[in-house]
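In: coords please:
(one chain, ligands or ions: 2)
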Amino acid sequence: MADYKMEIKNICCIGAGYVGGPTMAVIAHQCPHIKVTIVDMNVARINAWNDENLDNLPVYEPGLSEIVAGSRGKNLFFSTDVDKGIREAEMIFISVNTPTKTYGKGKGMAADLKFIELCARKIAEVANSDKIIVEKSTLPVRTAEALKSILENSGNNVRYHILSNPEFLAEGTAIEDLLNPDRVLIGGEDKDAVDSLVEIYSNWVSSEKILTTNLWSSELSKLTANAFLAQRVSSINAISELCEKTEADVNEVSKAIGMDSRIGPKFLKASVGFGGSCFQKDILNLVYIARSYGLQEVAAYWEQVIIMNDHQKRRFAERIVQTLFNTVSGKKIAFLGWAFKKDTNDTRESAAIYVADYLLNEEAELVVYDPKVTAEQVYADLDYLNTRDASLNRKLVRIVNDPYEACNQAHGIAILTEWDEFNAYDWEKINKNMKRPAFIFDGRSALNKEELRQTGFEVYSIGSSNVGI
Ligand code: UDX
Ligand code: ADP
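Out: Residues are numbered from 1 along each chain as shown. Ligands and ions are numbered 1, 2, ... in the order given. Predicted structure coming up:
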């Protein structure tokens, strides 16, 4: 077997997105002796990463701009020159998007690996020295095999070794997760290649937190971790519906069960439904893989997590219509929050999109306020669903920069994201300027419902008994 233990002086990352950007910024920050170049074919994105004004970085993450400011131009570079980035590096991270397929076999279920394959072909085409290739994107188990086959058949005598190093960072806390990870997982077959990557992380992660496994365990662990996390959310969301019928309170139930050390307190917050680029995609992927091996029960088991999540989004929207006297046609509903969770500008698979779509089908008029999401993004999310003409989306949905303006003369307010600032609003002032009765539908149980009721609101809060509404 070839000796792959090489000294890593240059790292290239293909893909300057939500994963590649923050991960490489932290590696550069923690390893000043390594030159890190992030390449992407999206020129606008690279320009934004290079923008003098750090407020214009394409990804919003607490602490990210400070880290980028400290390393950019020193040992952290953003470039569109993919070929040069590949040629210079001893180690290449692949961090491109792997969305759910929207066409052909596996449509709506399997991961679309075309971007990964394009990267592999590019590397095979331009590399002129040995490389360690690191899978960073979430991939179906055994993708490394396909990568290997493309790379090793390039015929240019370059030797490759493939590692799986799944990313466990959560958006909104990415920098903290990267600096203090619960664990770093590295899967690979060649010990020297694995050690090269272990060495990089050892610059700031203690050795007992760096776990090495075989390639396939590493690939499957990422899917499994996301499936378990999503399952917890769907489990508590299922209980939230039962709470609403039985006068139990889901937050009290969460607290009570979370104190059992076997269950633990995290990921037990009932919500309008999970979103984000990973959970749904990874579970669909898991279901697809299980089915492709003929494991029907395994597939059905995990699919239920998605079915429950879709139900939760729909029943929240239905509840709004039902409470507003069974019609929202021509009524103004203020959406506070559009991102899939707080502290991110990412809206992929956000519950807000689906709740909005449902209400727009009922002819509601929406006014959206989110502290970090742009109007273009909101329209792009709605247009992508292709439910109605894009011009109608622009007619029925308005995006504003001021929450008070969003709520002015609204029939109801829907809380879709748990942004901290919502709790600091002058709710009395908001209440005064609303139509009567003034309704709030809190899809995150983020607000103090007792205080709001005293202020004169009719409050529906997910997972509470909601007496009187
Ligand atoms: C997730 C995984 O946590 C991370 O390890 C992986 O690398 C990528 O996918 P992310 O999607 O960024 O990260 O966010 P996460 O914090 O996991 O939240 C996902 C969704 O679940 C959000 O919509 C969030 O609001 C929702 N959620 C989370 C709940 O509704 N309740 C909870 O208790 C926790
Ligand atoms: P993630 O959340 O996984 O980081 P993103 O969509 O935010 O996903 O980022 C993926 C990035 O990868 C995008 O900026 C996209 O332009 C880039 N990308 C995809 N395919 C290629 C490729 N073949 N070469 C270079 N960049 C690519």
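In: going forward, measure contacts between C-alpha atoms and count neighbours the same way
Out: Fine.
In: which parts of the stretch 201-350 of the chain are helices?
Out: All helices of the stretch 201-350 of the chain, identified by DSSP state H, counting those that start in this stretch, fall at 215-246, 250-258, 279-292, 296-323.
In: got JSON lines for those helices, with mean neighbour count too?
Out: Converted to JSON lines, the helices of the stretch 201-350 of the chain look like this (neighbours: other Cα atoms under 10 Å):
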{"stretch": "helix 215-246", "mean neighbour count": "20"}
{"stretch": "helix 250-258", "mean neighbour count": "17"}
{"stretch": "helix 279-292", "mean neighbour count": "22"}
{"stretch": "helix 296-323", "mean neighbour count": "18"}
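In: okay if I get these as TSV plus mean pLDDT and distance to ligand 1?
Out: Below are those laid out as TSV (pLDDT from 0 to 100; distance: least, Cα to the nearest ligand atom, whole Å):
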stretch	mean pLDDT	distance to ligand 1
helix 215-246	96	5
helix 250-258	98	9
helix 279-292	94	6
helix 296-323	98	10
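In: the ones you listed: which one's closest to ligand 2?
Out: Nearest of these to ligand 2, taken as Cα to the nearest ligand atom: helix 279-292 at 11.3 Å.
In: counting neighbours, what do you get for residue 9?
Out: 14 (other Cα atoms under 10 Å).
In: so what's it up against?
Out: By Cα atoms under 8 Å, 6 or more residues apart in numbering, the contact set of residue 9 is 33-35, 89-90.
In: adding distance to ligand 2, write the helices of the stretch 201-350 of the chain out as TSV.
Out: Formatted as TSV, the helices of the stretch 201-350 of the chain follow (distance: least, Cα to the nearest ligand atom, whole Å):
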stretch	distance to ligand 2
helix 215-246	13
helix 250-258	30
helix 279-292	11
helix 296-323	20
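In: quick one, what contacts residue 267?
Out: For residue 267, the contact set (Cα under 8 Å, 6+ apart) comprises 229, 232-233.
In: at 6 Å what do you get?
Out: Under the criterion of Cα atoms under 6 Å, 6 or more residues apart in numbering, the contact list for residue 267 is empty.
In: residues of the protein that sit close to ligand 2?
Out: Residues of the chain lying close to ligand 2 by Cα under 6 Å from any ligand atom are 14-20, 40-42, 95-97, 115, 118-119, 137.
In: quick one: which of these sit in strands?
Out: Members of the residues of the chain next to ligand 2 lying in strands (criterion: DSSP state E): residue 14.
In: among the residues of the chain next to ligand 2, which are within reach of ligand 1?
Out: Okay, of the residues of the chain next to ligand 2, nothing touches ligand 1 (Cα under 6 Å from any ligand atom).
In: one step back: format the helices of the stretch 201-350 of the chain as JSON lines; extra columns: distance to residue 407.
Out: Supplementary listing: these in JSON lines, determined by distance: least, Cα to Cα, whole Å:
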{"stretch": "helix 215-246", "distance to residue 407": "26"}
{"stretch": "helix 250-258", "distance to residue 407": "27"}
{"stretch": "helix 279-292", "distance to residue 407": "31"}
{"stretch": "helix 296-323", "distance to residue 407": "16"}
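In: among the ones you listed, which is nearest residue 59?
Out: helix 279-292 (19.3 Å; Cα to Cα).
In: which residues touch the residue nearest the centre of the chain?
Out: What sits nearest the mean C-alpha location of the chain, by Cα atoms, centre = their mean, is residue 276, with 3.3 Å. Neighbouring residues of residue 276 by Cα under 6 Å, 6+ apart: 340, 348-349.
In: by neighbour count, which of the residues you listed wins?
Out: Among the contacts of residue 276, the one with the most neighbours (other Cα under 10 Å) is residue 340, at 25 neighbours.
In: for that one, which residues are in contact?
Out: Per Cα under 6 Å, 6+ apart, neighbours of residue 340: 275-276, 347, 350.
In: what is the neighbour count of the closest residue in space to residue 177 that isn't next to it in sequence?
Out: Distance criterion Cα to Cα, 6 or more residues apart in numbering; nearest residue to residue 177, sequence neighbours excluded, is residue 169 at 5.4 Å. Look at residue 169: counted by other Cα under 10 Å, it has 19 neighbours.
In: okay, and residue 169 sits in which element?
Out: Using DSSP states H and E, residue 169 sits within no helix or strand.
In: how about the residues of the stretch 101-250 of the chain near ligand 1?
Out: So far as Cα under 6 Å from any ligand atom goes, the stretch 101-250 of the chain lies against ligand 1 at 167-171, 226, 233.
In: so where is the protein shaky, pLDDT-wise?
Out: Applying pLDDT under 70 to the chain picks out residues 1-5, 466-469.
In: same thing but 80
Out: Residue ranges of the chain with pLDDT under 80: 1-6, 138-141, 154-156, 465-469.
In: which residues of it fall in strands?
Out: Along the chain, the segments classed as strands by DSSP E run 10-14, 35-39, 76-79, 91-94, 131-135, 160-164, 184-188, 210-213, 332-336, 365-369, 397-399, 412-415, 439-442, 458-461.
In: turn those into CSV, including mean neighbour count.
Out: Below are the strands of the chain laid out as CSV (neighbours: other Cα under 10 Å):
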stretch, mean neighbour count
strand 10-14, 24
strand 35-39, 27
strand 76-79, 22
strand 91-94, 26
strand 131-135, 25
strand 160-164, 25
strand 184-188, 22
strand 210-213, 16
strand 332-336, 26
strand 365-369, 24
strand 397-399, 20
strand 412-415, 26
strand 439-442, 24
strand 458-461, 24
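In: now render those as a markdown table, adding distance to residue 282.
Out: Below are the strands of the chain laid out as a markdown table (distance: least, Cα to Cα, whole Å):
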| stretch | distance to residue 282 |
| --- | --- |
| strand 10-14 | 21 |
| strand 35-39 | 25 |
| strand 76-79 | 28 |
| strand 91-94 | 17 |
| strand 131-135 | 15 |
| strand 160-164 | 16 |
| strand 184-188 | 17 |
| strand 210-213 | 20 |
| strand 332-336 | 28 |
| strand 365-369 | 29 |
| strand 397-399 | 31 |
| strand 412-415 | 26 |
| strand 439-442 | 28 |
| strand 458-461 | 29 |
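In: which pair in the contacts of residue 340 has the greatest spatial separation?
Out: So, the contacts of residue 340 by Cα to Cα: farthest apart are 275 and 347, at 8.0 Å.
In: one step back: list just the one of the strands of the chain that sits closest to residue 219.
Out: strand 160-164 (6.4 Å).
In: that older thread, nearest to residue 424 among the strands of the chain would be which one?
Out: It is, among those and with distance given as Cα to Cα, strand 332-336, at 13.2 Å.
In: partner strands of that closest one, parallel or antiparallel?
Out: Strand 332-336 has its sheet partners listed here by DSSP bridges as strand 365-369 (parallel), strand 412-415 (parallel).
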